[in-house]
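# 3D model of this:
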Amino acid sequence: MAYIIVVNPAIPEAAGIPRAATVTATILAAAFGTLMMGLYAKRPFAVAPLMGENAFIAFTVVGVLHYSWQAALAAVFISGVLFAILTVVKVRGYLAEAIPSSLKHSFAVGIGLFLAFIGLNETGIVTLGVAGAPVKMGDFRSPTVLLAIFGFLLTTWLMIKRVRAAIIIGILTVSALSIAFGITSLPEGLVSLPAVLRPIALQLDFAGALQWGMFPVILTVFVMVFVDTLATLFGLSSRANLLDANGNLPEIEKPMLTDAVATSIAALLGTTTTGAYIESAAGIESGGRTGFTSLVVAALFLLSLFLAPLFVMIPAHAYGPSLIIVGLLMLDPIRKIPFEDYTELVPAFITIVLMVFTFNIGIGMTAGFVAYPLFKLLTGRTKEVHVGMWVLAGLSLLFFAVTPH
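I've put the predicted structure just below:
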């Protein structure tokens, strides 16, 4: 999961957040959350800024809605505080039961396609279109596009061969080739003191975040992390045989509270929402079953602070393929969506396509929250809708009422 040190800072940079400082913030946020997961929750789950959530802040909140990144980070902080409160009073567990599994799976698929599209655009494989076409093929004669395609093929081949650290190997190989071809310049040194956090740390704009128009942003961040956390915790725990006989994770409040606190700390440091990372499965497959695994990962994150120049140097055509591949890996849950039941399939489909084609993750998720109970109501199957789902549907309608167009 070390690739997050490279990929995460590149995405907030699109929102104007300085990349070098974000490298430091990413590492510190990951180290803090992972350390807390090891010492407090005692689980082998690593924590880091979440892919998908960082794209939502950079490309939707700042890029589309035109809020400042300082206000966006304040919204992330507020969401983290809300997570913590709701976890302590066990409301998060109640709402978790309210969301149907078909929607949870559609969230993962939609976010995966969203990330893949960003990766295609960052690498130049796909560019903005002209003459009525929204997008078009990039210039495949460009050296950077060819390197990106090579990076994608190399990484996927390594994954097929079950080579560990395939994504990191792909990123470093393309970076080395880019340097050898004179496309990318080497930094003055590969080792240095960490970039200072001053440009981004404690820069939260609470006045901007507490505007009514920011309500959908806070709601969306809440829902995204809420769903991501549950899916990740149950998925990892299942692979690690940590679930009880009823399929529940004992003391689930501890890892959930860890995510909540880590999210608020990440916002204070100057980066986006953090949470348990699905790539923790690599540690679990290697034998990790306790919090000691997380302690080792946290220590390695801290060591990486002194290699920041290396990470900042890596170009888009080197890290872009990893976004496409992460998006590819997130498509797996689509097999769990019941295609034979249209009251489940249609809301899931609406969620996925609106996430991608509106370029707004929040619109897709909240549309799914509205569509699901609506289709159940229209078919006389309201008994299948959890009470909490109606609450989420009502909040989602508020989202559409207040979101700027």
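# Now do the same contact list for the residue sitting nearest the centre point of the chain.
In the chain, the residue lying closest to the centroid (Cα atoms, centre = their mean) is Met51, at 2.3 Å. By Cβ atoms under 8 Å, 6 or more residues apart in numbering, the contact set of Met51 is Ile4, Val7, Asn8, Ile111, Leu115, Leu323, Val326. For glycine as for every other residue, the C-beta is placed from the backbone atoms N, C-alpha and C.
# can you pull the contacts of the fifth one?
In this case it means Leu115. Counting by Cβ under 8 Å, 6+ apart, Leu115 makes contact with Met51, Gly52, Ala55, Leu323, Ile324, Val326, Gly327, Met330.
# circling back: mind checking pLDDT for the residue nearest to the centre of the chain?
On pLDDT, Met51 comes in at 78.
# That one belongs to a helix, doesn't it?
No: counting by DSSP: H, G, I helix; E, B strand; the rest coil, Met51 is not part of a helix but coil.
# Need phi/psi at it.
With angles defined as degrees, to the nearest 10, Met51 sits at phi -70, psi 140.
# sorry, back to before: which one of the contacts of Met51 sits closest to Leu398?
Comparing the contacts of Met51 against Leu398 with Cβ to Cβ places Ile111 closest, at 22.1 Å.
# In stretch 331-338, which residues are buried?
Pro333, Ile334, Ile337 (16 or more other Cβ atoms under 10 Å).
# picking up where we left off before, counting only helices, which of the contacts of Leu115 make the cut?
Using DSSP state H, Ala55, Leu323, Ile324, Val326, Gly327 are the members of the contacts of Leu115 that sit in helices.
# out of the buried residues of stretch 331-338, which are inside helices?
Reading helices off these, I find no matches (DSSP H).
# of those, closest to Gln70?
Pro333 (34.3 Å).
# Contact partners for the closest residue to that closest one other than its chain neighbours?
Among residues not flanking Pro333 along the chain, His105 sits closest, at 3.8 Å (Cβ to Cβ, 6 or more residues apart in numbering). The contact partners of His105, by Cβ under 8 Å, 6+ apart, come to Pro333, Ile334, Lys336, Ile337, Ala348.
# and the least confident of these?
The member of those with the lowest pLDDT is Pro333, at 81.
# how near is Pro53 to Phe107?
For residue 53 the amino acid is Glu, not Pro. Noted for Glu53: a distance of 12 Å to Phe107, by Cβ to Cβ, to the nearest Å.
# any residues in contact with both of the two?
What both Glu53 and Phe107 touch, as defined by Cβ under 8 Å, 6+ apart, is the set Met224, Asp228.
# who has more neighbours, those two?
Legend: neighbour count by other Cβ atoms under 10 Å for Glu53 and Phe107, higher for Phe107 (27 against 24).
# how far out from the middle of the chain is the strand or helix carrying that one?
Element membership of Phe107 [criterion: DSSP states H and E] is helix 101-123. Helix 101-123 sits 10 Å away from the centroid of its parent chain (Cα atoms, centre = their mean, to the nearest Å).
# Any stretches of the stretch 51-200 of the chain with poor pLDDT?
By pLDDT under 70, the weakly predicted segments of the stretch 51-200 of the chain are 93, 96, 131.
# Which stretches in it count as helices?
53-55, 69-88, 91-98, 101-123, 143-160, 166-180 (DSSP state H, counting those that start in this stretch).
# now do the stretch 301-405 of the chain
Going by DSSP H, counting those that start in this stretch, the stretch 301-405 of the chain shows helices at 308-313, 316-329, 342-357, 361-378, 387-402.
# out of these, nearest to Ile284?
Closest to Ile284 of these, according to Cβ to Cβ: helix 316-329, at 15.8 Å.
# And the contacts of that closest one?
Residues contacting helix 316-329 (Cβ under 8 Å, 6+ apart): 3, 6-7, 10, 51, 111-120, 122-125, 144-145, 147-149, 151-152, 155-156, 159, 167, 170-172, 174-175, 178, 184.
# same thing with stretch 151-159?
The contact list for stretch 151-159 (Cβ under 8 Å, 6+ apart) reads 166-167, 169-171, 173-174, 317-318, 320-322, 324-325, 328.
# filter the residues you listed to the buried ones?
By 16+ other Cβ under 10 Å, these give 166-167, 169-171, 173-174, 317-318, 320-322, 324-325, 328 as buried.
# Many thanks, have a good one.
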